[in-house]
Every structure is written in structure tokens, then in C-alpha cells.
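>>> fold the following.
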Amino acid sequence: RDALRLTRRDVLTAAPAFAGFLWGYHALKGSPVRVGVIGTGGQGRGLIAAMNPEYTRVVAFSDIRPSNQQKGWQALQTKFGSDARKIDLVEDYHRLLDRDDIEMVVIALPLFLHAPATIEALEKGKHVLCEKLMARTVMDCKKMARAAHRTGKLLAVGHQRHYSYLYANALEVARQREIVGDVRHIRA
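As a prediction, the model looks like this:
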């Protein structure tokens, strides 16, 4: 802090604007991506909370557990306000994948379902963001990647901290010995 002459507040308020400038982010041209959310447990709700309504519009969500359905509704209402009334609950995620009005799905199911749900979604023409871990086995991961390649659809895995400019900046600062000295231990 002393070497950079910045407070934590300075970094947290300036970093998003700087990142946008650095990577050339700009306003969306066109309509938001129509999304289906499969699984509204803790991870699914976390992903809903992270969505940007300027870029995504949730069309439907799926969960078989009544308690998660209720919490999913709450998360959607918190994020999307009155627009959440337009979002459908589809208990059977296979039926959600059959819908033509969904372009992309977010898969936040238990790990053993990641590969089959992702492959089915890709084969039904949906782009996929699958929550981490990608799958239970390397072979399942390869099947998922092959399905994405075969269908020409995008497959992303939710290792969110891999894409965080805050973490990238922390690593860059840590490399600058004149600022922090020799790094011997990091606790995060």
C-alpha cells in the first residue's frame, strides 16, 4: 500500500474502469444472450448474481429441489427485478434444453451430471458455461470438448478467478520486486 500510494478502496473503485479501458470493453451491440440456468443451488445462485443484465437475459431455470427453486426465484428477483416474472421454471432440465428461445445454458449441477448435461446441451445447439470442476474424469472432459468442437458451440468452464483482472494485477505487482521485495509466502 505504501509503495503504490493507493488504498484498497482506490484499487477496487478504479480497477473495473481501468480493465474496461485496457481490454476494450464497450456497450453491447444487439440484444442480450438468452440464458437458461440449470441448477440453482449455491453455485447456481452465485452465477445468477454475477450476471450482467445488459448482456444476459435469463429465460428459464431448472432445479428439481423445491428449496432451490424458491431460492432461485429469490436470486433472479434480486438480480433482474420485475423482469424476473417473465422467467419460466422448468423442473426437467432436458425440457429446458429443448427450448428454441435459449441460446446458452449455465450448468451448476452436481459434478456427476456436468458431462452428460453439457454434452446434451451442446448437441441441442446451446453454448455452455459449466461450473467447475469440469467433470469427474479426464475422459469426460475430453468428451465435452469434442462435443463443443463437433457442434461448433462455445464451452466455458467457470474457473472465475482465472479471468479476474484483480488476481492478474496482484500477480503483476508481486513480480515487481522494487515494490514488494522477495515474496516468500502468500496467504489468500
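>>> from here on, contacts and neighbour counts on C-alpha atoms
Will do.
>>> could you measure from V35 over to D88?
Note on V35: its distance to D88, by CA to CA, to the nearest Å, is 11 Å.
>>> who touches both of these two?
59-60 (CA atoms under 8 Å, 6 or more residues apart in numbering).
>>> for this protein, just list every one of the helices.
Counting by DSSP state H, the chain has helices at residues 8-23, 42-50, 66-80, 93-97, 111-123, 138-151, 165-175, 177-180.
>>> my read: V58 touches G36, true?
Yes - using CA atoms under 8 Å, V58 is in contact with G36, at 5.8 Å.
>>> more neighbours, the two?
G36 (30 against 25; other CA atoms under 10 Å).
>>> tell me who's in contact with that one.
Contact analysis of G36 by CA under 8 Å, 6+ apart lists 58-62, 96, 102-106.
>>> want to throw those into JSON lines with distance to I186 and pLDDT?
Formatted as JSON lines, the contacts of G36 follow (distance: CA to CA, whole Å; pLDDT from 0 to 100):
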{"residue": "V58", "distance to I186": "38", "pLDDT": "97"}
{"residue": "V59", "distance to I186": "42", "pLDDT": "98"}
{"residue": "A60", "distance to I186": "41", "pLDDT": "98"}
{"residue": "F61", "distance to I186": "39", "pLDDT": "98"}
{"residue": "S62", "distance to I186": "39", "pLDDT": "98"}
{"residue": "L96", "distance to I186": "44", "pLDDT": "98"}
{"residue": "I102", "distance to I186": "42", "pLDDT": "98"}
{"residue": "E103", "distance to I186": "41", "pLDDT": "97"}
{"residue": "M104", "distance to I186": "37", "pLDDT": "97"}
{"residue": "V105", "distance to I186": "36", "pLDDT": "98"}
{"residue": "V106", "distance to I186": "32", "pLDDT": "97"}
